[in-house]
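> got a sequence here, can you model it:
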Amino acid sequence: MRPTDALPHPADWNATTVGRSVEIRRGVSWSKDQEHSAPGPDRVPVIGIRNVQDRLDLADVLYLSGLRPAAVDKARVSAGWTVIVGSNGNRARIGNAVLVREDAAFLFASFLIGAKPKADSGLGSDYFYRWLSTEQVQAYLSASSEGTTGLNNLSHSFFRAMSIPVPPPDEQAAIARILDAVDTALERTRAAVERAREVKRAVLNRFFYDALGETAYADRPRRKLPTRWSLVATERLLAEEPKNGVSPEASSQPPGTPTFSIAAIRDGRVDLVTQSNLKYTRVSDAAASRFGIHRGDILIVRGNANPDLVGKAGMVSVFPDGCIYPDIAKRIVLRTGTEPVVSPEFAVVAWNHAIVHNQVLRRAKTSNGTLKINNRDVTQIVMPVPPESEQGQLVEALAAIDDCSDALGAVATAQAQLKRALMHDLLTGRVRVRGELKAAAS
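Alright, predicted model coming up:
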């Protein structure tokens, strides 16, 4: 099967090509001085690549002034148009698309492409968008992209030559309706995950700010500390000097000693279950022993170009045998059996909250474009320490919220997998839509 051939489909379906049946438009270009961040007289909203996500995201758009009326009319997109990423530095983004479902007074940028089935094509707009979004078509568009200067571009000749299977109109409508229902369920689940995260943020803010006041730094509380709370330099809590990891010669595949990327340290955890976070390297037995990780270890991101990541902490739970931590992280070990008592779980929570993280950013220094925090900085960070019982209550509440969020995340993953399977089966005719569903969709 050639990439331009239609997806496998039943004999009673027709086939057409993009060039024959789809109208294609290019987006509008402009200069920097025509850009505005807010609406105003004679300004027209325009969407760019950042607005092309799972669905059309209009939360953040630019506004353009000084455009000619002909350019505005040519690049205006209304309901039924599919907007496609035509140029991007990331090849995987080429061909990503969203369907415009309602008329809106916006244009689309020159790095995007507008596409809409012609009136006599026999293609429905929803069905065309679903075909374009299948994994196979997306893979072909990414693989066929062209570029020589770090910018990949959609191959228009390849795209126009692509063949589209064309079911009867009632079956097209039913396929789109089914996939719309799956999308709705998936969006609701993802919204529930985000609500759980918002609850977690609210609980954290209430806990720390009620005690210390809404101040950026724990070492300068706005009010008198609650009973039995204290502000303690991290140095007093550590059993040993913070230790940087090993510099690996990393590869994404075994053999070698398992280690991980910075993406593994997130949300207070060190995620070593996700395969994409694992790397492999060759180190001596001595290094493997010295930099080995253990359950309950706390690892801190010591440097990154993104300030939101610098100083963020995660706790190790599940990890491959023999796993070591890389030089992007510091390992800290808390004292046990001495006052003040700080549980590892609470220490991670406090380190990741703004009440401590903003101290990290104050102390971090930039070197070669990377923001870094050194061992001395770590030891001088001041941590708010409540009574052990209050630490436990907070940790338990957050764990319950995390359990809920994890469960919802698993549901969202399953729904996304179901969507991919359904798209393949419905758009190849492997699963046919029953008559009553066709009638309902029509």
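> drop to CA atoms for contacts and neighbour counts, all remaining ones
Noted.
> what's the neighbour count on the closest residue to residue 213 other than its chain neighbours?
Excluding its sequence neighbours, the residue lying closest to residue 213 (C-alpha to C-alpha, 6 or more residues apart in numbering) is residue 222, at 5.2 Å. Residue 222 has 15 neighbours, counted by other C-alpha atoms under 10 Å.
> for residue 369, same thing?
Counted by other C-alpha under 10 Å, the residues lying close to residue 369 total 10.
> with the one 5 residues further on instead?
Other residues within reach of residue 374, judged by other C-alpha under 10 Å, total 18.
> from the chain's centroid, how far away is whichever helix in the chain runs longest?
Using DSSP state H, we find that the single longest helix of the chain is helix 169-212. Relative to its parent chain, helix 169-212 has a centroid offset of 14 Å by C-alpha atoms, centre = their mean, to the nearest Å.
> swap in stretch 404-411?
Centroid separation between stretch 404-411 and its chain, computed with C-alpha atoms, centre = their mean, is 16 Å.
> walk me through the domains of the chain.
What the record gives for the chain is the domain set 14-165, 167-214+387-442, 237-353, from automatic domain parsing.
> verify the stated contact: residue 85 with residue 110.
No: applying C-alpha atoms under 8 Å, one finds residue 85 not in contact with residue 110, separated by 9.5 Å.
> so for residue 369, which of the domains of the chain sits nearest?
Nearest of the domains of the chain to residue 369, taken as C-alpha to C-alpha: domain 237-353 at 6.2 Å.
> distance between the ends of that closest one?
Domain 237-353 has an end-to-end distance of 18 Å (C-alpha to C-alpha, to the nearest Å).
> centre of the chain versus it, how much separation?
Counting by C-alpha atoms, centre = their mean, domain 237-353 comes out at 22 Å from the chain centroid.
> list phi and psi for the residue nearest to residue 296 when sequence neighbours are not counted.
Once flanking residues are discounted, residue 296 sits nearest to residue 316: 5.2 Å by C-alpha to C-alpha, 6+ apart. Main-chain torsions, residue 316, degrees, to the nearest 10: phi -80, psi 130.
> could you list every residue that touches the most centrally placed residue in the chain?
By C-alpha atoms, centre = their mean, the chain has its centre lying nearest to residue 53, at 10.2 Å. Counting by C-alpha atoms under 8 Å, 6 or more residues apart in numbering, residue 53 touches 96-98.
> any chance of those in CSV, with distance to residue 390, neighbour count and pLDDT too?
Below are those laid out as CSV (distance: C-alpha to C-alpha, whole Å; neighbours: other C-alpha atoms under 10 Å; pLDDT from 0 to 100):
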residue, distance to residue 390, neighbour count, pLDDT
96, 48, 20, 94
97, 48, 27, 94
98, 47, 23, 93
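> can you add distance to residue 146 and give those back as a markdown table?
A markdown table is the format used below for the contacts of residue 53 (distance: C-alpha to C-alpha, whole Å):
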| residue | distance to residue 146 |
| --- | --- |
| 96 | 15 |
| 97 | 18 |
| 98 | 22 |
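> let's verify the nearest residue to residue 391 once chain neighbours are set aside: helix, strand, or coil?
Among residues not flanking residue 391 along the chain, residue 346 sits closest, at 6.0 Å (C-alpha to C-alpha, 6+ apart). State at residue 346, reduced to three classes by DSSP: H, G, I helix; E, B strand; the rest coil: helix.
> number of residues surrounding residue 346?
Residue 346 has 19 nearby residues by other C-alpha under 10 Å.
> swap in residue 33?
Using other C-alpha under 10 Å, residue 33 has 9 other residues around it.
> what distance do you get for it to residue 67?
Look at residue 33 and residue 67: by C-alpha to C-alpha, they are 12 Å apart.
> can you count the residues close to residue 102?
For residue 102, the tally of surrounding residues (other C-alpha under 10 Å) stands at 11.
> surely it forms part of a strand?
No: counting by three-state DSSP, residue 102 falls outside a strand, being coil.
> that one - nearest residue in space that isn't next to it in sequence?
residue 79 (4.5 Å).
> and the pLDDT for the nearest residue to residue 373 once chain neighbours are set aside?
Leaving aside its chain neighbours, residue 373 sits nearest to residue 364 (4.6 Å; criterion: C-alpha to C-alpha, 6+ apart). On the pLDDT scale, residue 364 is placed at 89.
> which residues sit in contact with residue 334?
237-240, 342, 344.
> any chance of those in CSV, with neighbour count and distance to residue 128 too?
Conversion of these to CSV gives the following (neighbours: other C-alpha atoms under 10 Å; distance: C-alpha to C-alpha, whole Å):
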residue, neighbour count, distance to residue 128
237, 21, 60
238, 15, 60
239, 12, 62
240, 13, 61
342, 22, 57
344, 18, 52
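> so which of those residues belong to helices?
Among the contacts of residue 334, the ones falling in helices (DSSP H) are residue 344.
> save the contacts of residue 334 as a markdown table, and put in pLDDT and distance to residue 27 too.
Output for the contacts of residue 334, formatted as a markdown table (pLDDT from 0 to 100; distance: C-alpha to C-alpha, whole Å):
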| residue | pLDDT | distance to residue 27 |
| --- | --- | --- |
| 237 | 92 | 58 |
| 238 | 91 | 57 |
| 239 | 88 | 60 |
| 240 | 87 | 59 |
| 342 | 93 | 57 |
| 344 | 93 | 53 |
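> can you pull out the helices in the protein?
For the chain, applying DSSP H gives helices covering 18-21, 69-75, 125-132, 135-143, 156-161, 169-212, 285-290, 344-352, 354-363, 375-380, 388-427, 435-441.
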